[in-house]
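In: Based on what follows, work out the 3D shape:
(one chain, ligands or ions: 1)
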Amino acid sequence: MTSQDHIVLAADGLSKRFGGNTVVDRLSISFANGRLHSILGPNGAGKTTLFNLLTKDISPDGGTIRLDGSDVTRLSPDRIARRGVARSYQISSVYLDMSVRDNVWVSAYRARGGNPLVFWRKADGYAEARALADACLERLDLTRFANAATKELSYGDQRLLEIAVTLAAEPRIILLDEPTAGLSRKETERVKQVIATLKGVFSIIMIEHNMSVVMDISDNITVMNRGTVLAQGGPDDIRGNKSVQEAYFGS
Ligand SMILES: Nc1ncnc2c1ncn2[C@@H]1O[C@H](COP(=O)(O)OP(=O)(O)OP(=O)(O)O)[C@@H](O)[C@H]1O
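Out: Residues are numbered from 1 along each chain as shown. The predicted structure is shown next:
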């Protein structure tokens, strides 16, 4: 077995209802180590709800979640995060008035157990958090903007900064929620290229509507519809899948 065969995160029979509405319906899915696994599906398919369940931001009504084979269904979001699962959100979560480096540094410092509000005391871990922040900026190709105010970045670079902030928690598994939403074609291309460089280093689960991004960089794709799995496979399998074409591409 190679390390890429190792299943880092898996859900089995996962369900979530809101009132009478079953939004995730006995869904089973697994994510392999170091792979980029995209989740596709029409609006309301249950993609974001699946993310919320995997990070335990909400609790399932049924089913189990396993992290490295052990049952984490009842763990808190904090405990899940401490075991290496981190998430970037659809809505921008960076502080616009802070410098680019400080945004990442705050995340690095907090993830290492420090309180960013007392950083001027130069508590233990300050220098390490700073080095980690700089490494995250480098990985996301943002080093040249480190001292700039975040509000001066293009929207595309702000989205990359959000990923840098996510990486500052030193996760093994990252969940990206529509990383190219609202970006121009050029910005989308840049974000796509940078995400591609994270493959292999991290296990990535990505909700994304942009079909060319998904097809170009994904190792695996799951298409969801009405809370269930409509199809799973590599980009070529999904492109050629008739029920996906009918349900999702409308042809
Ligand atoms: N907290 C909630 N309370 C009630 N209904 C909810 C809640 N969260 C999501 N839903 C409903 O669950 C369904 C699935 O929503 P979800 O956001 O998971 O879909 P999605 O596939 O991520 O869609 P999109 O692509 O539009 O983001 C929708 O009908 C939504 O209105």
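In: how far does stretch 55-64 sit from the chain's center?
Out: 17 Å (CA atoms, centre = their mean, to the nearest Å).
In: average pLDDT across it?
Out: Across stretch 55-64, the average pLDDT comes to 96.
In: For it, give me every contacting residue.
Out: With CB atoms under 8 Å, 6 or more residues apart in numbering as the test, stretch 55-64 has contacts from 11-17, 24, 26-28, 49, 51-53, 65, 71-73, 75-77, 80-81, 85, 87, 175. For every residue, glycine as well, the C-beta is placed using N, CA and C.
In: Just the buried residues of these.
Out: 11-12, 14-16, 24, 27, 49, 51-53, 65, 72-73, 75, 80-81, 85, 87, 175 (16 or more other CB atoms under 10 Å).
In: Ignoring the adjacent residues along the chain, who's closest to the residue most central in space within the chain?
Out: Nearest to the centroid of the C-alpha atoms of the chain, with distances taken as CA atoms, centre = their mean, sits Leu175, at 1.6 Å. Nearest non-adjacent residue to Leu175, counting by CB to CB, 6 or more residues apart in numbering: Arg87, 4.2 Å away.
In: which residue ranges form the helices in the stretch 51-200 of the chain?
Out: 77-82, 100-111, 126-139, 155-167, 185-198 (DSSP state H, counting those that start in this stretch).
In: For the ligand, which of the ones you listed is the nearest?
Out: helix 77-82 (15.2 Å; CB to the nearest ligand atom).
In: as a whole number, average confidence for the closest one?
Out: Mean predicted confidence for helix 77-82 is 91.
In: What helices and strands are in contact with that helix?
Out: Taking 3 or more CB pairs under 8 Å, 6 or more residues apart in numbering; DSSP states H and E as contact, there are no helices or strands that helix 77-82 lies on.
In: returning to that earlier point: would you turn the helices of the stretch 51-200 of the chain into CSV with distance to Asp219?
Out: Below are the helices of the stretch 51-200 of the chain laid out as CSV (distance: least, CB to CB, whole Å):
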stretch, distance to Asp219
helix 77-82, 23
helix 100-111, 27
helix 126-139, 19
helix 155-167, 18
helix 185-198, 11
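In: Dump these to CSV, plus distance to the ligand.
Out: Shown next, in CSV, are the helices of the stretch 51-200 of the chain (distance: least, CB to the nearest ligand atom, whole Å):
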stretch, distance to the ligand
helix 77-82, 15
helix 100-111, 24
helix 126-139, 27
helix 155-167, 16
helix 185-198, 17
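In: Which parts of this protein are strands?
Out: For the chain, the strands defined by DSSP state E occupy 7-18, 21-32, 36-40, 62-67, 70-71, 85-88, 173-177, 203-207, 220-225, 228-233.
In: for the fifth one, what is the average pLDDT?
Out: Taken as a whole, strand 70-71 has a mean pLDDT of 96.
In: Then the third one?
Out: Regarding strand 36-40, the rounded mean pLDDT is 97.
In: Nearest to Asn43 among the helices of the stretch 51-200 of the chain would be which one?
Out: helix 185-198 (19.2 Å; CB to CB).
In: Now do that closest one and helix 155-167, the angle between them.
Out: Orientation check (axes from the mean of the first three to the mean of the last three CA atoms, to 10 degrees): helix 185-198 against helix 155-167 gives 20 degrees.
In: list the helices and strands helix 185-198 packs on?
Out: strand 36-40, helix 155-167, strand 203-207, helix 211-217.
In: Would you mind saying which of the strands of the chain lies nearest Thr150?
Out: strand 85-88 (14.8 Å).
In: Surely Ile29 touches Gly13?
Out: No: using CB atoms under 8 Å, Ile29 is not in contact with Gly13; the gap is 10.5 Å.
In: For the residue lying closest to Lys199 once chain neighbours are set aside, give me its contacts.
Out: The shortest distance from Lys199 to any non-neighbouring residue, by CB to CB, 6+ apart, is to Leu36 (4.8 Å). Residues near Leu36 by CB under 8 Å, 6+ apart: Ile195, Ala196, Leu198, Lys199, Ile204, Met206, Ile217, Ser218, Asp219, Asn220.
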